[in-house]
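Engineer: Fold the following for me, if possible:
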Amino acid sequence: MAITTNTFTWRPQQGFDPPAGVASTAADLVLLFFSGDLAGHWAVPLQEIIQRYPGAIVAGCSSAGEIADQQVSDASITGLAMRFDSTRVRSAMVEIGGRGTDDVARDLAANLPHQDLRYVLVLSDGLAVNGSMLAEVMQAELPPGTVLTGGLAADGPRFEQTSVLLNGTVSKNAVVAIGFYGDAIRVAHGSLGGWDPFGPLRTITKSRDNVLYELDNQSALDLYKRYLDGHAARLPASGLLFPLSITRGEGQPELVRTLLAVDESERSMTFAGAIPQGGRARLMKANFDRLVDGASGAAGKTVDQLGCDAEVALLISCVGRKMVLGDRIEEEVEAVREVLGAKPVITGFYSYGELSPIGGGSCELHNQTMTITTFAEA
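Structural biologist: Residues are numbered from 1 along each chain as shown. As a prediction, this is how the structure comes out:
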């Protein structure tokens, strides 16, 4: 058994590479990651893709950079079509509206058939959900042992508007899930960061869900600005360079949180995932070499788990890493290729949050990580 793949890219000036209609194959699932800069250009290429792969589930999201093999692009659509020998795929989309993330997560899990479900890929709006709650509730609602990974859609460094896609529908306020079914599918996952802590470890003395108000009974925003110094004027974008490391309690794993917004009137900071009151927090800053090593380490984790050669590798990395690595961004993708070898097809995107289990546990929201999911049929 094997996964048959076909990759392509689309750019406004060049069109499709390879040209539409060339090397087309039957597909069960097509994943698309597209630049937020292309909002006015989606309709025509999307229709061509749907026509090119009739009957396939076509799913994806907006990004802060598109990954294809060892290249990272902007202002493009990157696509991967997959045909499975034995694995079945099903899809669901739930509109968020004004509902809480927990309700959205329950509906999404309920809309996927549960029998023989082995793995779920989630692609979510990047600004309207609490990513940690999405992961926690979905994991609890899915059948025991179901692997859950995915990411939050992005809008470059702008944090203005993100989109998800399912078949012909592009939604600015929704979550998409793809379920993989049957005993043939093999899935492995790995997630690592590479950021260095600085400043003292502080207690989270006031927070609500993913909004932080106080650290050590002081205004968290004032403390944050003091540490950022000259970078403070460019918040919230500059916050990508200084994420927050949090722990829920003694012996609990560290999770990294990305800043999404600040509220000057409330002196508050909104992060991509939950900030637990009573937990501990510390600022972090970039270490270039460790970021690349983190990507390599995440790939290594998948090799240890999968038990066979990967056929597809889905890379979801954080926009903050892209900002730090700059022109050298492809080094982290090249590090993944070096570990995984020449066989697997690599695709993915730069996100506002990454969803992956820690070790063999439940799925968690991560920020500022390289998260890798590898697939094979065996």
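Engineer: Per-residue pLDDT of residue 231, please?
Structural biologist: Residue 231 is assigned 82 on the pLDDT scale.
Engineer: need the contact list for it.
Structural biologist: 238, 241, 242 (CB atoms under 8 Å, 6 or more residues apart in numbering). All C-beta atoms are positioned from the backbone trio N, CA, C, and that covers glycine.
Engineer: Where do the helices of the stretch 1-150 of the chain begin and end?
Structural biologist: With helices called from DSSP state H, counting those that start in this stretch, the stretch 1-150 of the chain shows them at 43-52, 101-110, 131-141.
Engineer: just those helices: most buried one?
Structural biologist: Scoring the helices of the stretch 1-150 of the chain by mean neighbour count under mean count of other CB atoms under 10 Å gives helix 131-141 as the most buried, with a mean of 23.
Engineer: burial measure for the residue nearest to residue 208 when sequence neighbours are not counted, as a count.
Structural biologist: Sequence neighbours aside, residue 277 is the residue nearest to residue 208 in space, at 7.8 Å (criterion: CB to CB, 6 or more residues apart in numbering). Neighbours of residue 277 under the rule other CB atoms under 10 Å: 15.
Engineer: What of residue 94?
Structural biologist: Neighbours of residue 94 (other CB under 10 Å): 21.
Engineer: Thought residue 110 was touching it, still the case?
Structural biologist: No - counting by CB atoms under 8 Å, residue 94 does not reach residue 110; the two are 9.3 Å apart.
Engineer: Centre-most residue in this protein?
Structural biologist: Nearest to the geometric centre of the chain sits residue 151, at 2.2 Å (CA atoms, centre = their mean).
Engineer: That residue pairs with what?
Structural biologist: residue 123, residue 354 (DSSP bridges).
Engineer: Quick one: residues contacting it.
Structural biologist: For residue 151, the contact set (CB under 8 Å, 6+ apart) comprises 61, 122, 123, 124, 316, 349, 351, 352, 353, 354, 355, 371.
Engineer: Most neighbours of all these, which one?
Structural biologist: With neighbours taken as other CB under 10 Å, the top of the contacts of residue 151 is residue 351, carrying 37 neighbours.
Engineer: Spatially nearest residue to it (excluding sequence neighbours)?
Structural biologist: Using CB to CB, 6+ apart, the closest residue to residue 351 is residue 151 (4.0 Å).
Engineer: And that neighbour, how far from residue 352?
Structural biologist: Distance of residue 151 to residue 352, computed by CB to CB, to the nearest Å: 8 Å.
Engineer: And residue 98, by the same measure?
Structural biologist: Here residue 98 is placed at a distance of 20 Å from residue 352 (CB to CB).
Engineer: Residue 91 too?
Structural biologist: Relative to residue 352, residue 91 is positioned 22 Å away (CB to CB).
Engineer: Pull stretch 364-373 out as PDB, backbone CA atoms only.
Structural biologist: Taking Å, rounded to 0.1, in the frame of the first residue of the first chain, the C-alpha atoms of stretch 364-373 are listed here in PDB:
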ATOM      1  CA  GLU A 364      -2.100  20.800  22.900                       C
ATOM      2  CA  LEU A 365      -1.800  24.200  21.300                       C
ATOM      3  CA  HIS A 366       1.800  25.300  20.700                       C
ATOM      4  CA  ASN A 367       3.200  28.600  19.500                       C
ATOM      5  CA  GLN A 368       6.600  29.400  18.000                       C
ATOM      6  CA  THR A 369       7.200  25.700  17.300                       C
ATOM      7  CA  MET A 370       7.900  23.600  14.200                       C
ATOM      8  CA  THR A 371       5.200  20.900  14.300                       C
ATOM      9  CA  ILE A 372       5.500  18.000  11.900                       C
ATOM     10  CA  THR A 373       2.900  15.300  11.100                       C
END
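Engineer: Tell me which residues of that stretch come out buried.
Structural biologist: Across stretch 364-373, burial judged by 16 or more other CB atoms under 10 Å covers 364, 365, 366, 367, 368, 369, 370, 371, 372, 373.
Engineer: Nearest to residue 2 among those?
Structural biologist: Of all the buried residues of stretch 364-373, residue 2 sits closest to residue 373, with 17.7 Å by CB to CB.
Engineer: so who does that closest one touch?
Structural biologist: Contact analysis of residue 373 by CB under 8 Å, 6+ apart lists 121, 149, 187, 188, 189, 302, 313, 314, 316, 356.
Engineer: So which of these are in helices?
Structural biologist: When the contacts of residue 373 are checked against helices (DSSP state H), the matches are residue 302.
Engineer: and the contacts of residue 373 as CSV, adding pLDDT and distance to residue 131?
Structural biologist: Listed next are these as CSV, based on pLDDT from 0 to 100; distance: CB to CB, whole Å:
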residue, pLDDT, distance to residue 131
121, 98, 15
149, 97, 12
187, 97, 20
188, 96, 22
189, 96, 16
302, 94, 21
313, 97, 22
314, 98, 17
316, 97, 12
356, 95, 11
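Engineer: between the contacts of residue 373, which has the most around it?
Structural biologist: When neighbours are counted by other CB under 10 Å, residue 316 leads those with 30 neighbours.
Engineer: Show me the beta-bridge partners of that residue.
Structural biologist: Beta-bridge partners, per DSSP bridges, of residue 316: residue 349, residue 371.
Engineer: ok, it touching residue 351?
Structural biologist: Yes - using CB under 8 Å, residue 316 makes contact with residue 351 at a distance of 5.2 Å.
Engineer: Low-confidence stretches in the stretch 1-150 of the chain?
Structural biologist: Applying pLDDT under 70 to the stretch 1-150 of the chain flags residues 1, 20-25.
Engineer: how does it look with 90?
Structural biologist: Scanning the stretch 1-150 of the chain for pLDDT under 90 picks out 1-2, 12-15, 17-26, 36-48, 50-52, 54, 75, 97-98, 128, 130.
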